Each structure stands twice: as structure tokens, then as C-alpha cells.
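# Got a sequence here, can you build the structure:
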Amino acid sequence: MSSPAHKIRIGALQATIWRNRAERGNWYSVKLIRIVANRQADRVQIFFDDKPAEETRAALKGEGWNWSRSEAEWQRKLTDAAKASAKRIVGLG
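The predicted model follows:
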């Protein structure tokens with residue numbers, strides 16, 4: 001069951017990102033990434049279906065994101081800069 005934080009979205013943003021654009025036979029590999037503005041926690045949170053690639057983790061760390069083991073997500077203080085950073089990291093901005 002999803003917590004209320006998972007249901008809050010930055011605008012109506014729920015992005016499906018192509019992690020592997022190369023065709024493999026007759027299917028593509030697709031991963032779901034959710035960006036959440038959690039006002040109760042005062043955090044922007046990024047949830048990945050799987051562990052992100054090393055270069056993605058390096059980008060997250062480089063832009064001030066922290067891994068929350070208890071929430072199983074990357075998070076940063078809720079600011080406009082954090083929202084822009086989240087979009088940029090997942091390829092939307």
C-alpha cells in the first residue's frame with residue numbers, strides 16, 4: 001500500500017523513463033521513476049523501481065540528494081531548485 005507521500009506529485013508529474021532505448025528483439029526495457037513533493041516531510045523525493053546506475057547515483061550526490069534507507073528513496077529539501085534538479089536528473093529538464 002502506498003503512503004500518502006507517494007500520492008503527492010510535483011504537478012501531475014509521473015515520468016516513465018526509457019533506461020534502455022536499444023531494441024532487444026521485439027521489446028524495450030522501461031523503468032518507472034516517481035518524483036514526489038512531500039510537503040509533510042518538507043522533501044522532494046525520487047523513487048526508482050531499481051537501483052539507479054552509478055552515473056545517476058553520482059549525479060544525485062553531486063546535486064545534494066541523500067539516500068534515505070528507511071524510505072528507500074533519494075531526497076532533498078523541498079525547494080524550487082530541488083524540483084528542477086529532480087527533473088534534470090531523470091531527463092525531463
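
# and residue 35, how many residues sit next to it?
Other residues within reach of residue 35 by the criterion other CB atoms under 10 Å amount to 23. No exception for glycine: its C-beta is placed from N, CA and C like everyone else's.

# For it, give the beta-bridge partners.
Assessed by DSSP bridges, residue 35 has beta-bridge partners residue 46.

# Double-check it against residue 85; I have them as touching.
No - between residue 35 and residue 85 no contact is recorded; they are 10.1 Å apart, counting by CB atoms under 8 Å.

# what do those two both touch?
With contacts taken as CB atoms under 8 Å, 6 or more residues apart in numbering, the residues that reach both residue 35 and residue 85 are residue 44.

# Tell me, please, the helix or strand in the protein that averages the lowest pLDDT.
The element with the least model confidence among the helices and strands of the chain, by mean pLDDT, DSSP states H and E, is strand 15-24, at a mean of 40.

# quick one: contacts for the nearest residue to residue 63 once chain neighbours are set aside?
Once its chain neighbours are removed from consideration, residue 63 has its nearest residue in residue 85; the separation is 4.7 Å (CB to CB, 6 or more residues apart in numbering). The neighbourhood of residue 85, defined by CB under 8 Å, 6+ apart, consists of 44, 63-65, 76.

# Doesn't residue 85 belong to a helix?
Yes - per DSSP: H, G, I helix; E, B strand; the rest coil, residue 85 lies within a helix segment.

# Model confidence for it, exactly?
Per-residue confidence (pLDDT) for residue 85: 95.

# how much space between it and residue 79?
Residue 85 sits 9 Å away from residue 79, taking CB to CB, to the nearest Å as the criterion.

# and for those two, which residues touch both?
Common neighbours of residue 85 and residue 79, counting by CB under 8 Å, 6+ apart, are residue 44.

# tell me which element residue 44 is part of?
strand 43-48 (DSSP states H and E).
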